[in-house]
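[1] Quick one, structure for this:
(chains A, B, C and D)
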Protein chains: 2
Amino acid sequence: MENDIFKALADPTRRAIFEKLASGSQNASALREGMTISQPAMSQHLAVLRAAGLVREERQGRFVNYEVDPDGIAHIGTWLARYRAYWPQRMDALRTLLKDMDQ
Amino acid sequence: MENDIFKALADPTRRAIFEKLASGSQNASALREGMTISQPAMSQHLAVLRAAGLVREERQGRFVNYEVDPDGIAHIGTWLARYRAYWPQRMDALRTLLKDMDQ
DNA sequence: ATTTCAGATAAGTATTTGCTTATGTGTCGT
DNA sequence: ACGACACATAAGCAAATACTTATCTGAAAT
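    Numbering: from 1, shown residues only, chains lettered A, B, ... in the order given. Next up, the predicted model:
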């Protein structure tokens, strides 16, 4: 599972798709816009992201809506937490993030 | 750079090496112990981890000591922070981590 | 100086991966 | 019922990847 996540994120196209989804769930066709990628390629990438638990799908008629799966993010977070000893002193992004979550 | 990091972590052997280093810096030979991996393979993996900024080396005579590079960890952290909106409510590991760092 | 040891590099190979084109499946509009 | 549409799947292929064996570099020990 952890292996699937990192393998999925190892591809730049897949990270781009994931990033797009992070700013709003979309169906496969909408995701293709401005991406120079064939329909089957997109379908295959989404399948990989889905198998990794990074993304989940929701059938809507003949469309399939994709969205970021928080579980995938959580897995990366817990993986990263194992290396806390090596986190640099000032990781402002994560620091403020966690502060936010405390509210 | 970000691409190098994810590509480096996509390999399970490389993640195992990285994990070993996280519990104490070692030279390449020491890392091989209990790992069923040839000397060139280890050398190549370490080169990939190093190029990704996940690990750094320090020559010590005819040994080369490897250690986790906090910069690599930081990169993953900032990447992950971009998806803060999708972090699940209870990411205890990271939450307590950041609390610790505030002391 | 010569040998030995730690490690890097070179070259070759089998496997994996990301793409392609072609076709299949299921849903919507008419 | 039919065609159009959204998407998945199949099969094939070129490129990337992780390994192998062989060799090279450089430092330590004798």
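[2] interface residues of chain A facing DNA strand D?
    Applying CB under 7 Å from any atom of the strand, we find that chain A lies next to DNA strand D at A:27-30, A:39-40, A:42-44, A:46-47, A:57, A:62-65. For every residue, glycine as well, the C-beta is placed using N, CA and C.
[3] Now, these that are in strands?
    A:27, A:57, A:63, A:64, A:65 (DSSP state E).
[4] Just the buried ones out of those, please.
    Buried subset of these (neighbour count, 16 or more other CB atoms under 10 Å in any protein chain shown): A:27, A:57, A:65.
[5] Closest one to residue A:51 out of these, please.
    Set against residue A:51, the nearest of these by CB to CB is residue A:57 (11.2 Å).
[6] and that closest one, what are its bridge partners?
    residue A:66 (DSSP bridges).
[7] Could you measure from it over to residue B:42?
    Computed as CB to CB, to the nearest Å, the residue A:57 to residue B:42 distance reads 40 Å.
[8] same check, this time on residue A:20
    Residue A:20 is 38 Å from residue B:42, by CB to CB.
[9] same question for stretch A:50-57, mean pLDDT?
    Average pLDDT, stretch A:50-57: 98.
[10] and stretch A:69-87, which residues are buried?
    A:69-70, A:72-77, A:79-81, A:83-84, A:86-87.
[11] DNA strand D: which of these is nearest?
    Checking these against DNA strand D with CB to the nearest atom of the strand, the nearest one is residue A:69 at 14.4 Å.
[12] So what does that closest one have for phi and psi?
    Here is the backbone geometry of residue A:69 (degrees, to the nearest 10): phi -100, psi 110.
[13] And for it, nearest residue in space, chain neighbours not counted?
    residue A:56 (4.4 Å; CB to CB, 6 or more residues apart in numbering or on different chains).
[14] Run a quick neighbour tally on the one you found.
    Around residue A:56 there are 17 other residues, counting by other CB atoms under 10 Å in any protein chain shown.
[15] I'd guessed it sits against residue A:50; true?
    Yes - Residue A:56 is in contact with residue A:50 according to CB atoms under 8 Å; the separation is 6.6 Å.
[16] Now do residue A:64, the pLDDT please.
    pLDDT at residue A:64 comes out at 98.
[17] what does residue A:32 give?
    pLDDT recorded at residue A:32 is 97.
[18] That one and residue A:26, how far apart?
    With CB to CB as the criterion, residue A:32 and residue A:26 are 9 Å apart.
[19] check contacts around the residue nearest to residue A:69.
    Residues near residue A:56 by CB atoms under 8 Å, 6 or more residues apart in numbering or on different chains: A:50, A:66, A:67, A:69.
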